[in-house]
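[1] have a look; sequence and predicted model below, questions after that.
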Amino acid sequence: MDYIEKTGKTVQDAIAAALAELQISEDEAEITVIDQGKEGVFLGLGAKPAVVRVAKREAAEVAAMAAATAVAEEQENAEPAQEARPRVINDEVVEKAKKFLQEVFSAMKIEVAMEKFVNTQDGSVVIRLHGDDMGILIGKHGQTLDSLQYLTNLVANKEEKDWTRIIIDVEDYRDRRVETLTRLAKRLADRVRREGEPVALEPMNPHERKIVHLALQNDRRIVTHSEGEEPNRYIVIELKK
């Protein structure tokens, strides 16, 4: 995938410059923060520009999100999940979820096999997807997969009294992502301990940031916190003061 790198006084300035040059919106872009930059201490001395790498998303990935949204819009007045609702298994909800997913895949003109698994510990239902070129259903860091899961839960649980939590996974991507982020967090924490300087990770969604926080929560020398605004919010790992 072709990309460009841009610098700016801030990360947002650099992103804006890149989007303008590529003539795309932020939703159509793959954004990687190379360097957060640094403000100068006096009259700009010691300042360091922020650096970002921006690429246009693959058309198939954009289509995946668009197809999921288009099918969901046909369902009237779908309401978001209420956190307090109990997690129970409802076969009718599962069938509605599978039907919705099949409609999405038909709109995308791709063939996908679905497997259902029940998590008896928390009452959730996992629908695993298998097929060729499944990467378009995952997206960067699972963004497309998360959107598909969110829409599936809205549609399947519409007008249901009890909420059934549905998790969408592609070729065990979610388990592999947890392992990858946990290893990354611990490796960067080791670097912070050695060098004493904080490290900023690239922007992540709330679920992935939680994985990093949990991976390092018992480290006596390390603290993590999030900075920035969605969707470019990121984690900083640093020594406890």
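    Thanks, I have the structure now.
[2] mind listing residues that contact stretch 168-178?
    The contact list for stretch 168-178 (CB atoms under 8 Å, 6 or more residues apart in numbering) reads 101, 126-130, 134, 137-138, 141-142, 145, 148-149, 152, 167, 208, 211. C-betas here are computed from N, CA, C, even on glycine.
[3] next one: that stretch to chain centre, how far?
    Taking the mean of its C-alpha atoms, stretch 168-178 sits 12 Å from the chain's own mean (CA atoms, centre = their mean, to the nearest Å).
[4] could you dump it to CSV, C-alpha only?
    In CSV, the C-alpha atoms belonging to stretch 168-178 read as follows (Å, rounded to 0.1, in the frame of the first residue of the first chain):
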residue,chain,number,x,y,z
ILE,A,168,-17.4,-11.8,16.0
ASP,A,169,-14.0,-13.3,15.3
VAL,A,170,-12.1,-14.1,12.2
GLU,A,171,-9.6,-17.0,12.2
ASP,A,172,-8.9,-16.5,15.9
TYR,A,173,-7.8,-12.9,15.3
ARG,A,174,-8.9,-11.7,18.7
ASP,A,175,-6.8,-14.1,20.7
ARG,A,176,-3.8,-13.5,18.5
ARG,A,177,-4.2,-9.7,18.9
VAL,A,178,-4.3,-10.0,22.7
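[5] ranking helices and strands of the chain by mean pLDDT, which lands last?
    Every helix and strand of the chain was ranked by mean pLDDT, DSSP states H and E. The lowest is helix 59-73, at a mean of 56.
[6] just checking, what packs against the following helix or strand past it?
    Taking DSSP states H and E as the definition, the helix or strand that follows helix 59-73 towards the C-terminus is helix 91-108. With contacts defined as 3 or more CB pairs under 8 Å, 6 or more residues apart in numbering; DSSP states H and E, the secondary structure elements packing on helix 91-108 are helix 59-73, strand 113-119, strand 124-130, helix 143-156, strand 166-170.
[7] ok, 7 Å please
    Contact partners of helix 91-108 among helices and strands, from 3 or more CB pairs under 7 Å, 6 or more residues apart in numbering; DSSP states H and E: helix 59-73, strand 113-119, strand 124-130, helix 143-156.
[8] just for the chain, where's the confidence low?
    Residues of the chain that meet the criterion pLDDT under 70 lie in 1-2, 27, 39-47, 57-89.
[9] what strand or helix carries the nearest residue to Pro198 once chain neighbours are set aside?
    Counting by CB to CB, 6 or more residues apart in numbering, the nearest residue to Pro198 once its immediate chain neighbours are dropped is Glu238, at 3.6 Å. Secondary structure from DSSP H and E places Glu238 in strand 234-239.
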